[in-house]
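**Student:** just the structure for this:
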Amino acid sequence: MPQSRTYILGADGATWSVLSRLLRDGKVPHFQRLVDEGVYGPLESVENMRSASAWTSMFTGCNPGKHGIYEFYEFLPQTYSLKYIHGGYKHVPGFWTYLEQAGQTAGVINTPMTYPAEPIKGGYVIAGLDGPGKASPRFCSPGDFIDKLETKMGCEYVIEPGLTGAIARGKPEEAVELLEEELESKHKSLVTMLDSMPVDCLLFVFRSLDAAQHCFWKWMDPTHPKHAQCSKEEIERFGGVIDSVYIKLDAALGDMLDRIGPDDHLMVISDHGFGHKCPVSSQLNQWLAAHRYLVYEEGGTKPNAVSKALKFVASHTSRGTKEKLARLMPGVRNWAQSKALFSGVDWSKTRVYSDAQFPRLRLNIKGREGEGIVDQADAPKLMDELRGKLKAMRDSVSGEPIVRDVFFSSEIYKGTHTGPGEDILVRWREDIVIHGVQMPKGYEAPQEELSVMPGEDPRVISGDHQIHGIFLGIGPAFRKGERIGEGLRLLDMTPTILHLQDQKIPSHMDGRVMKVAMNPGWLADHPVRVLDDESPPSDACPPPRQQTEYSEQEQKVLEDRLRSLGYIE
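**Tutor:** From the prediction side, this is the model:
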């Protein structure tokens, strides 16, 4: 093993707006130590701020146009349907591949888009939430690793807490219990690995914070539009849940700090930040219809029988019951999901559409979409027109502009795998409270209950992703007690990890070593070296489309987990 090791603590969704307050109040002493003795600042996520895309960029150093992962599913335009995907669909290798080639060991734990678990000589992997479950032989590597871990821990390794399902059922108390169980399990597994399963580089991700902030933000934040609707008792009981997760993560960080050596490096990162849930994402199709870009069949804006059934199943049945229904009716979920998303759309007259979950738009292109009507030659003019109208969007209550920027896919995704991405991505403003979108005269205000996706329903999910997460680093390579205001990117994590482990940086990567965060003296003694490979070695990453797909049972389990986390219905 090399003389020094690198540790990365992933705090999914951690955001400075909360952490800074806890630092001021003296509630997170170990984070405070990193601020005092290390370097820290905002960490810029990938443009779409989706966890599947962001974490894949984090551990490959490549933008989504190169690695090919945009979400936990791919959209199939020919049939206007969804296909669930996993980390095996990525087109470039993770940093652990390069460390292994250099004779170093790595551990990768609970990181999204790492299923199937890749074998690492002398190391280990436990897949993230794209993994169907511990029963899958591909969930961890080596295959018996999780059994050995649980034996050493003395308790069960919990994959995900499943908070959203409990919130949708009106049982926030149950959600708190699930959250605490999962946090305790992950903390024990981290300490076990640090004490008895050492590796040269460890990436360990806590996803609990992301789930908690999605579900409990309205109770914590007095500026949230729905905070006033919460009872005093609810605020007293649930307003501190998010803070409690940061405090528990601080305890885990303390255990890491107690165990690292003087030559080791420790980084704490998040894949994106957090703030209010913007309701306009679920209102985009109604806005498009008002501007005649999308056309509904008669009665098409009303929830259909399929979407009503999906909502009922999501909110009123246990996980076991859902799995039983899926076994009795294999293949029904994908069909139902797609029918619910695009119910009532008249494709023969629709030029632009959204999945009504996230702020992304697709053009109904001839030859690409199954019932496309927009000529490819007309697409640029239509997109320019849309950009202008999107930028003019205003809040339904305050009348303020609500759009920070509008991006075309070609402007933000570079590479040979841009097809799965959206045509247009909207970035909402993060500095104001957004209540909804102002509609043209003569059109009714969009209704939140028209959302067919309970997992993204603003009545259930009150917090959502923002562009800047957190970065803190400590160790001989990093500056001491300095805040870096800009220039830290999630894309730069893999090159930085490789450099800290004395490896060359592959030239195909979009990320760069975080020199801005580093001690100039250390950098002078450890100059960055580049590996000239404009494309990664063919044997470094298995052909994504040739990998075994999810089995029916694995897909059922995965869908249930993503639903419980708010990523899908």
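**Student:** quick one: the helices in the stretch 101-250 of the chain?
**Tutor:** 145-153, 163-168, 172-196, 208-220, 232-238, 241-259 (DSSP state H, counting those that start in this stretch).
**Student:** er, the stretch 451-569 of the chain I mean
**Tutor:** 493-500, 520-525, 552-565.
**Student:** what is the rounded mean pLDDT of the last one?
**Tutor:** Average pLDDT, helix 552-565: 66.
**Student:** just stretch 354-364 next, same as before
**Tutor:** 93.
**Student:** list the buried residues of that stretch.
**Tutor:** Neighbour-count burial for stretch 354-364, counted by 16 or more other CB atoms under 10 Å, picks out 354-364. Every C-beta, even on glycine, is put in place using the N, C-alpha and C of the backbone.
**Student:** which one among the residues you listed gets closest to residue 231?
**Tutor:** For the buried residues of stretch 354-364, the minimum distance to residue 231 (CB to CB) is 28.9 Å, reached by residue 357.
**Student:** could you report the pLDDT at the residue nearest to residue 241 when sequence neighbours are not counted?
**Tutor:** Closest residue in space to residue 241, ignoring its immediate chain neighbours: residue 216 at 4.5 Å, by CB to CB, 6 or more residues apart in numbering. Looking at residue 216, its pLDDT stands at 97.
**Student:** please report the distance of residue 216 from residue 71.
**Tutor:** 24 Å (CB to CB, to the nearest Å).
**Student:** how is this structure partitioned into domains?
**Tutor:** 6-276+466-565, 279-301+344-460 (automatic domain parsing).
**Student:** tell me the most buried of those?
**Tutor:** domain 6-276+466-565 (a mean of 20; mean count of other CB atoms under 10 Å).
**Student:** from what I can see the residue nearest to residue 241 touches residue 462, true?
**Tutor:** Yes. With contacts counted by CB atoms under 8 Å, residue 216 reaches residue 462, the gap being 7.4 Å.
**Student:** what kind of secondary structure is the closest residue to residue 429 other than its chain neighbours in?
**Tutor:** Counting by CB to CB, 6+ apart, residue 404 is the residue found nearest to residue 429 once chain neighbours are left out, at 4.7 Å. Three-state assignment for residue 404 (DSSP: H, G, I helix; E, B strand; the rest coil): strand.
**Student:** verify the stated contact: residue 404 with residue 434.
**Tutor:** No. Counting by CB under 8 Å, residue 404 stays clear of residue 434, with 10.8 Å between them.
**Student:** overlap in contacts of these two?
**Tutor:** Residues touching both residue 404 and residue 434 (CB atoms under 8 Å, 6 or more residues apart in numbering): residue 428.
**Student:** where does the residue of the chain positioned farthest from its centre land in three-state SS?
**Tutor:** Distance to the chain centre peaks in the chain at residue 442, reaching 37.6 Å (criterion: CA atoms, centre = their mean). Here residue 442 is coil, with the state taken from three-state DSSP.
**Student:** try the one 3 residues further on
**Tutor:** Using three-state DSSP, the three-state assignment for residue 445 comes out as coil.
**Student:** which ones are touching the residue nearest to residue 443 when sequence neighbours are not counted?
**Tutor:** In space, and not counting its chain neighbours, residue 443 is closest to residue 290: 4.5 Å by CB to CB, 6+ apart. Residues in contact with residue 290, defined by CB under 8 Å, 6+ apart, are 439-440, 443.
**Student:** quick one: which of the residues you listed is nearest residue 234?
**Tutor:** Closest to residue 234, out of all of the contacts of residue 290 and judged by CB to CB, is residue 439, at 31.2 Å.
**Student:** host element of the closest one?
**Tutor:** Using DSSP states H and E, residue 439 falls within no helix or strand.
**Student:** what pLDDT does the residue lying closest to it once chain neighbours are set aside get?
**Tutor:** Take residue 439 and drop its neighbours on the chain: the residue closest to it by CB to CB, 6+ apart is residue 290, 5.3 Å away. Residue 290 carries a pLDDT value of 96.
**Student:** next: residue 125.
**Tutor:** In this model, residue 125 carries a pLDDT of 98.
**Student:** same check on residue 341?
**Tutor:** 72.
**Student:** what's the local residue count around it?
**Tutor:** When counting by other CB atoms under 10 Å, one arrives at 25 neighbours for residue 341.
**Student:** wait, doesn't it sit right on residue 356?
**Tutor:** Yes. Judged on CB under 8 Å, residue 341 makes contact with residue 356 at a distance of 6.7 Å.
**Student:** sketch out the low-pLDDT regions of this structure for me.
**Tutor:** Along the chain, the model assigns pLDDT under 70 to residues 1-2, 299-340, 447-458, 535-569.
**Student:** rerun that using 50 as the cut-off
**Tutor:** The model of the chain has pLDDT under 50 over residues 1, 304-336, 449-451, 539, 542-546.
**Student:** pull the contacting residues for residue 505.
**Tutor:** Residue 505 neighbours (CB under 8 Å, 6+ apart): 61, 495, 498-499, 512-513, 528-531.
**Student:** continuing past whichever strand or helix holds residue 35, what's the next helix or strand?
**Tutor:** With secondary structure defined by DSSP H and E, residue 35 is part of helix 29-37. Next in sequence after helix 29-37, counting helices and strands by DSSP H and E, comes strand 39-44.
**Student:** other SSEs contacting that following strand?
**Tutor:** With contacts defined as 3 or more CB pairs under 8 Å, 6 or more residues apart in numbering; DSSP states H and E, strand 39-44 has these neighbours: strand 468-474, strand 482-483.
**Student:** now whichever helix or strand comes after that strand against strand 468-474, angle please.
**Tutor:** Sequence order places helix 51-60 as the next helix or strand after strand 39-44, per DSSP H and E. Counting by axes from the mean of the first three to the mean of the last three CA atoms, to 10 degrees, helix 51-60 lies at 30 degrees to strand 468-474.
**Student:** now residue 230, nearest residue through space, not along the chain?
**Tutor:** Counting by CB to CB, 6+ apart, the residue nearest residue 230 is residue 219, at 5.6 Å.
**Student:** what does residue 185 give?
**Tutor:** According to CB to CB, 6+ apart, the nearest residue to residue 185 is residue 158 (4.1 Å).
**Student:** quick check on the one you found: phi, psi?
**Tutor:** phi -90, psi 130 (degrees, to the nearest 10).
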